[in-house]
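please work out how this folds:
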Amino acid sequence: MTKTLLGKRLKEIREKREWSQSQLEEKSGIPAVMISQFETGVRKNPSAATLVKLANALSISMDYLLGRTDVPTPVGGPVAALLRTLEGASGTTFDAVTAVGKHLTDQERARAKKANGGD
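Next comes the predicted model:
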């Protein structure tokens, strides 16, 4: 099998972090077997959801994994990276993702406030 740029970069970043494929599985939720298949070129076309999970676990941009940039760090951080994944989405989808994000953030803030004695 011919390695893909995705596979090469995935392995390079994983090894740079000194993670095994099993450790990346734990952090991303992507099975180690699938990670191995991407790295060796057996599997070539990850789904968007898989790319997001791998990129988030490794703290790199999906664009880097896909070879669209040579800069691994997501521009603008994780929020900007998330917004870029929504490029081309309908207004309804964008609004739904925004509403879910706001809801989760509100819940997190409420838990933190409760943990701090309601301050």
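
contacts and neighbour counts: CA atoms only from here.
Will do.

in contact with Thr40, which residues?
Counting by CA atoms under 8 Å, 6 or more residues apart in numbering, Thr40 touches Met1, Thr2, Lys3, Thr4, Gly7.

so which of those is the most crowded?
When neighbours are taken as other CA atoms under 10 Å, the top entry among the contacts of Thr40 is Gly7 (22 neighbours).

find the nearest non-adjacent residue to that one, please.
Glu39 (3.7 Å; CA to CA, 6 or more residues apart in numbering).

my guess is that neighbour meets Glu12, correct?
No - contact criterion CA atoms under 8 Å: Glu39 and Glu12 do not qualify, at 9.3 Å.

what's the burial count for Leu83?
12.

most centrally placed residue in the protein?
When CA atoms, centre = their mean is applied to the chain, the residue found nearest the centroid is Asn56 (2.7 Å).

and the gap between that one and Gln21?
From Asn56 across to Gln21, the span is 15 Å (CA to CA, to the nearest Å).

so the residue nearest to Gly7: helix, strand or coil?
helix (DSSP: H, G, I helix; E, B strand; the rest coil).
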